[in-house]
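Q: My questions concern the predicted model and sequence given below.
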Amino acid sequence: MPQASNTLPGNGRIRDAARRPRRDFGGVSPGRARTDEPDRRAGSSGPVRGCTSRSDIASLTQELAPPRVWAWLSSAVVEWLPASYGGAVSGFCEQAWEHTARIQQACLELPFNVELAEGALSVERFKFYMAQDSRYLVGFGRALAVAAARAPTPDEVAFFSGAGRDAVVVERQLHEGYFERFGLSTAEVDSIETSPTCLGYTSYLLGCAQSASYPELVAALLPCFWVYHYVGTDILHRQTGEVNPYREWINTYADDEFAAAVERCKQAADQAAARADEPTRAAMLRAFSTASEYEWMFWDSAYRMEAWPTAHLRNPHARGTATRTHDPH
């Protein structure tokens with residue numbers, strides 16, 4: 001069996017960036033962001049905190065690799081699996097995608113993703129997203145580890161164990177390099193509360209890991225791979241303007257090995273469905289749908305910088321605003 005590489009794609013750039021002195025942010029301190037950006041939330045006309053100059057954002061994001069663009073799957077996970085698991089094809093993935101097609105389309109239209117493609121997303125929103133994502137990765141990694149422990153074949157054990165390990169490695173590298181380079185101290189990251197959506201999503205995955213069947217767990221894990229790749233590829237192809245400060249972040253979606261990892265995770269779900277009875281397949285479809293909605297909610301909550309509705313009662317300095325979530329249907 002080939003050995004997984006200890007070198008994760010992009011992580012060298014994160015470490016190198018962390019060692020360099022921070023750049024001058026063009027007169028804009030990450031902690032004192034501008035307030036002249038229009039708010040795209042429905043019914044809102046007021047300003048939003050955030051750095052709006054594309055050159056300012058570019059100075060923050062240059063030479064940085066994205067933590068949740070699953071580039072770490074390329075060398076550390078993909079080579080563990082054969083090109084195909086073989087065996088019967090259940091058609092589960094095709095059915096699941098058709099069942100959630102409206103949710104997937106709604107993900108493409110979210111303000112967070114539209115503005116990311118335009119290069120207009122505020123730094124404050126991007127920071128909030130990264131902080132939530134670092135916490136999500138830990139819970140996701142734990143759920144992947146359980147999937148590995150329960151997997152029925154060596155290939156699936158290898159895939160899910162490798163993916164779980166590397167999810168935690170990437171989370172650590174966020175703290176060791178990416179946050180520091182982005183102007184976020186440990187104290188500032190810790191001051192950003194875990195959002196209701198982030199907690200809900202990770203709790204759902206861990207609940208599946210504890211009490212659901214293996215096929216249902218795999219179905220719940222799949223949208224994090226598949227939906228994220230689908231949305232990222234769409235963003236990649238509809239970037240606007242010659243200069244997008246998030247271009248390097250977006251370009252990693254084009255990685256062929258990442259696409260291969262997504263396909264192999266889909267194969268794992270199809271094979272699990274092929275071994276399952278009809279009630280289990282129905283549970284798999286529900287799990288895939290629920291996790292797909294959480295993917296939508298994760299981007300939406302990051303754009304709103306979602307806070308707990310009662311946060312102001314216990315913490316007057318809590319960051320984020322409690323607003324109603326849009327209907328993805």
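A: Here it is on my side, so go on. Numbers count the residues shown, from 1 in each chain.

Q: Please make it C-alpha for all contacts and neighbour counts, starting now.
A: Noted.

Q: Just give me the neighbour total for residue 246.
A: 23 (other C-alpha atoms under 10 Å).

Q: Now do the strands in the stretch 201-329 of the chain.
A: Counting by DSSP state E, counting those that start in this stretch, the stretch 201-329 of the chain has no strands to list.

Q: can you map out the helices along it?
A: 214-237, 247-251, 256-275, 278-304, 311-314 (DSSP state H, counting those that start in this stretch).

Q: Return the set of buried residues in the one helix or strand residue 138 maps to.
A: Secondary structure from DSSP states H and E places residue 138 in helix 123-150. Neighbour counts over helix 123-150 (16 or more other C-alpha atoms under 10 Å) mark 123-148, 150 as buried.

Q: The next helix or strand after that helix packs against which elements?
A: Following the chain from helix 123-150 toward its C-terminal end, the next helix or strand by DSSP H and E is helix 154-173. For helix 154-173, the packing partners by 3 or more C-alpha pairs under 8 Å, 6 or more residues apart in numbering; DSSP states H and E come out as helix 11-19, helix 73-76, helix 123-150.

Q: same question for the last one, mean pLDDT?
A: Per-residue pLDDT values across helix 123-150 average out to 93.

Q: Which elements pack onto it?
A: helix 154-173, helix 196-211, helix 214-237, helix 278-304.

Q: got TSV for those, with distance to residue 258 and mean pLDDT too?
A: Written out in TSV, the entries for the helices and strands packed on helix 123-150 read as follows (distance: least, C-alpha to C-alpha, whole Å; pLDDT from 0 to 100):
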stretch	distance to residue 258	mean pLDDT
helix 154-173	12	86
helix 196-211	22	98
helix 214-237	8	94
helix 278-304	18	98
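
Q: hmm, back to that, how about TSV for the helices of the stretch 201-329 of the chain, with distance to residue 194 added?
A: Rendered in TSV, the data for the helices of the stretch 201-329 of the chain read as follows (distance: least, C-alpha to C-alpha, whole Å):
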stretch	distance to residue 194
helix 214-237	18
helix 247-251	23
helix 256-275	27
helix 278-304	11
helix 311-314	11
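
Q: can you tell which of these is closest to residue 171?
A: Residue 171 lies closest to helix 214-237 among those, at 15.5 Å (C-alpha to C-alpha).

Q: relative to helix 154-173, how tilted is that closest one?
A: Computed by axes from the mean of the first three to the mean of the last three C-alpha atoms, to 10 degrees, the angle separating helix 214-237 from helix 154-173 equals 50 degrees.

Q: Now do helix 214-237 against helix 256-275: the angle between them, please.
A: Counting by the same axes, to 10 degrees, helix 214-237 points 150 degrees away from the direction of helix 256-275.

Q: by contact count, what packs against helix 214-237?
A: Where contact means 3+ C-alpha pairs under 8 Å, 6+ apart, helix 214-237 is packed against helix 101-108, helix 111-118, helix 123-150, helix 196-211, helix 247-251, helix 256-275, helix 278-304.

Q: Pull out the buried residues from it.
A: Taking 16+ other C-alpha under 10 Å as the neighbour-count basis, helix 214-237 is seen to contain the buried residues 214-236.

Q: And for stretch 183-203?
A: With the criterion 16+ other C-alpha under 10 Å, stretch 183-203 contains buried residues 183-184, 189, 192-198, 200-203.

Q: same question, stretch 153-166
A: Using 16+ other C-alpha under 10 Å as the burial criterion, the residues of stretch 153-166 that qualify are 155, 156, 157, 158, 159, 160, 161, 162, 163, 164, 165, 166.
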